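S.K.: Quick one: sequence and predicted model below, then my questions.
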Amino acid sequence: MDRLENTVRPYAWGSTTAIPRLLGEEPTGEPQAEMWMGAHPGAPSRTSRGPLNEVIDKAPEEELGSRTVARFGPRLPFLLKILAAGAPLSLQVHPDLEQAKEGYADEERRGIPVDAPHRNYKDANHKPELICALTEFDGLCGFRAPDEAAELLAGLGVDSLKPYVDLLHAHPEEDALREVLTAVLSADPEAMAHTVGEAAIACARLGGAYAPYADIAHHYPGDPGVIAAMLLNYVQLQPGEALYLGAGVPHAYLDGLGVEIMANSDNVLRCGLTPKHVDVPELLRIVRFEASDPGVLRPEASADGEEVYETPIDEFRLSRYVLAEGAVPRELTRATPQILLCTAGTVRAGELLLAPGQSVFVPAGETAEVSGAGTVFRATVVA
């Protein structure tokens, strides 16, 4: 078992206080957006044996188990994070596995450098993800029904939004959502900036259901993503609740602290709320234009106290234990690798004490006995 030392990424949208508060540290005044736990080469966790990616590279079957290597190759197939949003993240979607392979191969053939700002596919993998709230957590997930989106837009009383309202009423669901998102992202930038400005003023005046969009517009003035965001479901998670985000589902995190787990990929296509590249044609090819319920997940408890967040993919499996002082220790053994993360209280994992924000890597086949009074998340693989 290896104690992990993890890198905190200082993205501009990060909260200045949430991660320091979790870790019991003084804020630096700088944004602290994500703390990465895993073997991603961009910021691998460090162990006493060296960076975790190098530890795995030296003995993949020993560290990951033969089943994981046979299924996913000789690398840890997930990345675990603590995510702290102090401002809205970009509105985005992720490709499915076939789309990622095709897109990556195409950009490789065309010789687009992997680090080029206009490159869409950094690898050939998909990026399903799960966010579990540690605090109240606000986000956008999936399309509203067209009639609901039309009602929200119409309520602003902005004349330049009326064509979008009419389109949402005039066509079947898929066509309506596709046409409106296409129109919003393809509009004349100056005209759209004016529309967004008028919509922002109206949102601030009306408040209530419009308040989140006033905040989004405050952070991204004139961005067409503000209007695109109003096509999506707004959801507020309570601590312990989660969202699963599959391929093609447009989403954005707005505010809050959570545990995030995802397949090990960097493939993101952006719809707005960002200064980064937006490839509208490719985005429209990837988005699934269907209204859906956000599908808030609550963990399902098993007999031994493990609370599992069920998802339809195998690259990761996230669960948690809420431990009580004096309870019988839990023996956590799997034929797949595990990362254990303490988020509350004090947890003992083997001989190691974990405070909030601290984590350990458990190689495949090894047993981690956990006890104490607190909450520990368990990230592993379905293989």
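M.R.: Cool, got the structure. Residues are numbered from 1 along each chain as shown.
S.K.: what's near enough to touch Leu91?
M.R.: Listed by C-beta atoms under 8 Å, 6 or more residues apart in numbering, the contact set of Leu91 reads 140, 225, 228-229, 232, 250-252, 270-274. C-beta coordinates here come from the backbone N, C-alpha and C atoms, glycine included.
S.K.: Select from those the one having the most neighbours.
M.R.: Pro250 (29 neighbours; other C-beta atoms under 10 Å).
S.K.: Quick check: nearest residue in space to that one, chain neighbours excluded?
M.R.: Val93 (5.1 Å; C-beta to C-beta, 6 or more residues apart in numbering).
S.K.: Provide the backbone phi and psi angles at Thr135.
M.R.: phi -130, psi 180 (degrees, to the nearest 10).
S.K.: Check Ser66 too.
M.R.: phi -60, psi -30.
S.K.: what's the distance between it and Arg49?
M.R.: 20 Å (C-beta to C-beta, to the nearest Å).
S.K.: re the thing from before, beta-bridge partners for the residue nearest to Pro250, please?
M.R.: Judged by DSSP bridges, the bridge partners of Val93 are Leu269.
S.K.: Can you verify my assumption that it contacts Arg285?
M.R.: No - if you go by C-beta atoms under 8 Å, Val93 and Arg285 don't touch, sitting 10.2 Å apart.
S.K.: which one of the two has more residues nearby?
M.R.: Comparing Val93 with Arg285 by neighbour count (other C-beta under 10 Å), the higher total belongs to Val93, at 22 against 13.
S.K.: quick one, what contacts the more buried one?
M.R.: 247-251, 268-269, 271, 283, 286-287.
S.K.: Of those residues - the most surrounded one?
M.R.: Pro250 (29 neighbours).
S.K.: Pull the contacting residues for it.
M.R.: Counting by C-beta under 8 Å, 6+ apart, Pro250 makes contact with 91-93, 140, 142-143, 228, 232, 271, 287.
S.K.: okay, who's weakest in those residues by pLDDT?
M.R.: Minimum pLDDT across the contacts of Pro250 is recorded for Cys271, with 90.
S.K.: I'd guessed that residue sits against Phe143; true?
M.R.: No - Cys271 lies out of contact with Phe143 (C-beta under 8 Å); the separation is 11.5 Å.
S.K.: the strands in the stretch 201-350 of the chain, which residues?
M.R.: All strands of the stretch 201-350 of the chain, identified by DSSP state E, counting those that start in this stretch, fall at 232-237, 242-245, 251-263, 269-272, 300-301, 307-309, 317-323, 330-333, 338-349.
S.K.: Just checking: what are the partner strands of the first one?
M.R.: The reference is to strand 232-237. With DSSP bridges as the test, strand 232-237 pairs up with strand 137-143 (antiparallel).
S.K.: list the buried ones in the strand it pairs with?
M.R.: By neighbour count with 16 or more other C-beta atoms under 10 Å, strand 137-143 contains the buried residues 137-143.
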